[in-house]
Structures are given as C-alpha cells and as structure tokens.
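*Asks:* attaching a predicted model along with its sequence, questions to come.
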Amino acid sequence: MSAAALVLGIETSCDDTSVAVLEEARRLRSHLIASQDLHRLYGGVVPELAARAHLELLPRLVERGLAEAEVTPHKLTAVAVTRAPGLVGSLVVGVAFARAYGFALGIPVVGVNHIEAHLHAAALEHGAAPLPAVALVVSGGHTELVEMQGFGRYRWLGSTRDDAVGEAYDKVAKRLGLPFPGGPHVDRLAATGDSCAFDFPRPMLDRPGFDFSFSGLKTAVALEAEALGEPPFDPARVADLCASFQAAVVDTLTAKTLRAIEQIGARSLTLGGGVACNRALRERLTDECAARGVALRIPSPRLCADNAAMVALVGAWSLAAGPPSEAQLEVVASLEETGLIGAPV
Ligand code: KG4
Ligand code: ZN
C-alpha cells in the first residue's frame, strides 16, 4: 500500500501567515493561521511589514503545524504555496520558503492561485459542488463572480471596477472611527441600526452584466458621515449608517449573484473570502437559495478568510492532474496576469 498523500499548504499572500497539513485532499491534520495584528496600528496593511512578519513567522508556524499534525517533514509528499495574486513581497517569502523546503525534502512544490483556492475552500467541509455552479469571492482585495464547470474550468462573469467590497467596508469603518479591519465591526453595528435610515445607491444594478462598483457607495457614506461632526459620534447614527451601507452592499451582491444563477441554471452557489463571514449576506443568500432549490455552500469563518487549508487542497488536486511546472511558481501580483480569467470552460 502506498503512503498517504500529505500536502503541506502555505499561504502568505497578504497579512495572514497560514500553514496546513492535508491528508488525501480531505482530512485536515492541522491548520494554523497567524493574523498580523501589527497592521491595526496603521489602519491598513503595510506591505513591507507584512513581508517581514511572514519571514519571521513562517518557519516556526511550519514546525508547529507539523507537530500538531503528528507528521515528520520526511512524511510530506508535496508542498503547495500561494503564488498569486497578492502583495509581491509577501508572496515571494512564501514561494522562496516552499521551494527551499521542497528541495531539501526532494518532494514536488506546486504554486496555487489564491482566488482559485477561495473558489474551492468550501469543498473541505461541503464536498464537491453540484455543477454547474456559481461562486462569489468577496474579500479585502477581490469581488469576483465566477461560473464553475469543474476544477480548472471557470468562466469569469464579473469583478469590481474599483474598490473590492471588503475594501469599501474597511474604508467606511475607518471614516466612522472603527478599528481595522472594519468589516466585522460594521457588520456587528449594522445589526442594531435602521437599514432604511439612509437611502444609499445600489451600484450597477440598473446595468446588464455582472460587474460591481463600490467606490460611489463608499463616497455616499463618507458624505453622510461628515454630518456626524467631530468624534465621539452619536452611536445610534453610526449604527444607522452601518445598517444602511450594509443593506446596499447585500442587495447589490445578492441581485448580481441571483442573476448569474438564473442565467447559468446553476445548481449550487459557493461563497469564499473574508466578507463571506458577513451575517446579513449569509442570511440573505440562505433564504434566496432555499427559495430556488440551489445548494448554498458557505465555508466556516476560518476557511472563508485567507488560509492555507484551501491552498493545500487546490495544490493536491493540481498534483493529481499532472506534475507541477516551474511557471506555476512564478510570483504574480494581479489576478488578470495569472491566466485564470479567460481560461476555457
Ligand atoms: O479574505 P480576507 O481574510 O483577506 C483578503 O482580503 O484576501 O478578507 C478580509 C476582508 C476585510 O476587508 C474584512 O473587513 C472583511 O474581509 N470582513 C468582513 C467581515 N469579516 C471580514 N466584511 C464584512 N462583514 C464581515 N463580517
Ligand atoms: Zn483572500
């Protein structure tokens, strides 16, 4: 009997350092995520500091991840690492570490696309997506609506034309004096506010297609925030602003996603990315999918946010499809340059 496939996953594309050990592309033997709190001081991610923190954290995290998995390095069968898209300095730290580690052990190293990993994170808990499927990846850097016909077979339906939805959350939160990252704080306060208090725009809903735009909505909230005067702000007004902003975001994401589901005749919807933790978005899509008989697959919060488990999974699937190439380890900052968009379905 051959030894079990044990893939070490490494994720360092932004400000989370994460390591996972995945057995047979199914069972997570360990999964660690170290969030770099130092960026809170600056109200946003500082790329140079993120890269340096990955460099310091990664070797110790790998050691701990293997210990928790009760796996010695020589038992590993492959290393999977995020190679794009993301902050170049941060990606380089992960890829350089993975290359050296794999070389020392004499095992393959496979580069993984971070967005493709978000597309499949739900499979770790929910199994394979009933096809055809629609996926919505919503994070601090991305807002992507994708048709999935199988592993590696995607058709890009829409993206944001300006701010990513998580970025809009973080900027609105900053304007309201809330800590970084602001999404969870806005979500929490929105639950206590009146979502009809402000009539914010639902951007791009009147246009055909699946693209998004959040910068106009963010500016509309900022203008209303001016009227709050100097801090400390009236907590009830802040809650109303959060609730009204969140309602506009959820209406917009939901309408475009349902449009995609209907056009494709999708049997399932998969969510991914940090904003998929949003309470209102989850509730709304749960109701809408139930009403249409569409299977909704939302990962648990740890698998929504940036994590190495999804990287190990996609790495394991890619290795099962064929040997890794050198080009797969090339570090690329933007999603557009990765070749994932426009790949044949
Ligand atoms: O996927 P992620 O961990 O990192 C990347 O950006 O790739 O996503 C982080 C983003 C941040 O913008 C954060 O504010 C947002 O996800 N976020 C939320 C919630 N939890 C995290 N946004 C809205 N509601 C939430 N509950
Ligand atoms: Zn991400």
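*Replies:* The structure has been received and is ready for your questions. Ligands and ions are numbered 1, 2, ... in the order given.

*Asks:* run through who's touching the helix or strand where Ala117 lies.
*Replies:* Using DSSP states H and E, Ala117 sits in helix 114-120. Under the criterion CB atoms under 8 Å, 6 or more residues apart in numbering, residues 11, 13, 82, 84-86, 135, 137, 139, 142, 144, 146, 148, 151, 154, 270, 272-273, 306, 310-311, 313-314, 317, 335, 338, 340 lie in contact with helix 114-120. Any C-beta I mention is one placed from the backbone N, CA and C, and that applies to glycine too.

*Asks:* now intersect the residues you listed with the helices, please.
*Replies:* When those are checked against helices (DSSP state H), the matches are 310-311, 313-314, 317.

*Asks:* so is stretch 89-96 next to ligand 1?
*Replies:* No - contact of stretch 89-96 with ligand 1 is not found when judged by CB under 6 Å from any ligand atom; the minimum separation is 11.1 Å.

*Asks:* and Ala96, how many neighbours does it have?
*Replies:* Residues lying near Ala96 (other CB atoms under 10 Å) number 16.

*Asks:* got phi/psi on the residue of the stretch 1-150 of the chain found nearest ligand 1?
*Replies:* Closest approach between the stretch 1-150 of the chain and ligand 1, counting by CB to the nearest ligand atom: Gly140, at 2.7 Å. Dihedral angles of Gly140 (phi, psi; degrees, to the nearest 10) stand at phi -70, psi -20.

*Asks:* about what we covered before: among the contacts of helix 114-120, which ones are buried?
*Replies:* Buried subset of the contacts of helix 114-120 (neighbour count, 16 or more other CB atoms under 10 Å): 11, 13, 82, 84-86, 135, 137, 139, 142, 144, 146, 148, 151, 154, 270, 272-273, 306, 310-311, 313-314, 317, 335, 338, 340.

*Asks:* run the contact check for stretch 11-18 versus ligand 2.
*Replies:* No - against ligand 2, stretch 11-18 shows no contacts by CB under 5 Å from the ion, the least distance being 6.6 Å.

*Asks:* how far off centre is that stretch?
*Replies:* Distance of stretch 11-18 from its chain centroid, counting by CA atoms, centre = their mean, to the nearest Å, is 11 Å.

*Asks:* roughly how far is stretch 209-218 from the heart of the chain?
*Replies:* Taking CA atoms, centre = their mean, one finds the center of stretch 209-218 at 18 Å from the center of the full chain.

*Asks:* try stretch 129-143
*Replies:* On CA atoms, centre = their mean, the centre of stretch 129-143 falls 9 Å from that of its chain.

*Asks:* show me what the helix ranked longest in the chain is packed up against.
*Replies:* For the chain, the helix with the greatest residue count under DSSP H is helix 235-264. On a contact count with 3 or more CB pairs under 8 Å, 6 or more residues apart in numbering; DSSP states H and E, helix 235-264 meets strand 133-138, strand 143-150, strand 153-159, helix 165-175, helix 183-190, helix 215-226, helix 279-292.

*Asks:* just those: most buried one?
*Replies:* Of all the helices and strands packed on helix 235-264, strand 133-138 carries the top mean neighbour count, a mean of 28, counting by mean count of other CB atoms under 10 Å.

*Asks:* that one vs helix 279-292, what angle?
*Replies:* 170 degrees (axes from the mean of the first three to the mean of the last three CA atoms, to 10 degrees).

*Asks:* contact partners for Ala96?
*Replies:* With contacts defined as CB under 8 Å, 6+ apart, Ala96 has no neighbours.

*Asks:* where does it land in three-state SS?
*Replies:* Following DSSP: H, G, I helix; E, B strand; the rest coil, Ala96 is assigned to helix.

*Asks:* let's have the chain start at 133 instead
*Replies:* Done: numbering now begins at 133, and the last item shifts to Ala228.
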